[in-house]
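K.L.:
No sequence on hand, only this structure:
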């Protein structure tokens, strides 16, 4: 499986992490799930509602998530993933990230932001069908050209 994302969207989610540093940023990936992976057509920034530990946790409010999902559907897009940053921490999922991941088939993108600068970005596919058999699998990020973008 691969995550297909344009350079523009990839750069934007990384910039979001730099802007919210030293707190975690978060957002939603909209697009289409296909046989070769999730294809991102748009990213939507979301507010991190965590007030107790925003430097190492994130939460998207259910109301905001529903709004993003409805707006996406109006454009013919589905939620295909989520992204967040890890300030001064590796771009690897944590036990909390895993425990709070429930969107099977979606991609979870994590960018490490070191001293305010986006570093490594990794993607993980949430495989499985239940909480008992779920697993994160490393996913390749494939940067694609935007429609109408020159080669």
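P.N.:
Right, received. Where do you want to start? All figures in this text were calculated on a predicted structure; none of them were measured in a lab.

K.L.:
tell me the strands in the chain, going along the chain?
P.N.:
Applying DSSP state E to the chain gives strands spanning 2-6, 26-34, 37-46, 78-87, 107-114, 117-127, 135-144.

K.L.:
among those strands, which is nearest residue 98?
P.N.:
Between residue 98 and the strands of the chain, the tightest spacing by C-beta to C-beta is seen for strand 135-144, at 6.3 Å. For every residue, glycine as well, the C-beta is placed using N, CA and C.

K.L.:
Only the buried residues of that closest one, if you could.
P.N.:
For strand 135-144, burial by neighbour count (16 or more other C-beta atoms under 10 Å) applies to 136, 139, 141, 144.

K.L.:
Same question for stretch 58-69.
P.N.:
With burial defined by 16+ other C-beta under 10 Å, the residues of stretch 58-69 counted as buried are 58, 59, 60, 64, 65, 68, 69.

K.L.:
So what's the gap between it and the chain middle?
P.N.:
13 Å (C-alpha atoms, centre = their mean, to the nearest Å).

K.L.:
where does the protein have low pLDDT?
P.N.:
147-151 (pLDDT under 70).

K.L.:
In JSON lines, list the strands of the chain along with distance to residue 14.
P.N.:
Below are those laid out as JSON lines (distance: least, C-beta to C-beta, whole Å):
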{"stretch": "strand 2-6", "distance to residue 14": "11"}
{"stretch": "strand 26-34", "distance to residue 14": "11"}
{"stretch": "strand 37-46", "distance to residue 14": "11"}
{"stretch": "strand 78-87", "distance to residue 14": "8"}
{"stretch": "strand 107-114", "distance to residue 14": "5"}
{"stretch": "strand 117-127", "distance to residue 14": "4"}
{"stretch": "strand 135-144", "distance to residue 14": "11"}
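
K.L.:
Can you tell me how far residue 130 is from residue 102?
P.N.:
With distances taken as C-beta to C-beta, to the nearest Å, residue 130 is found 10 Å from residue 102.

K.L.:
Pick out the residue closest to the middle of the chain.
P.N.:
Using C-alpha atoms, centre = their mean, the residue of the chain that lies closest to the mean C-alpha position is residue 83, 1.9 Å off.
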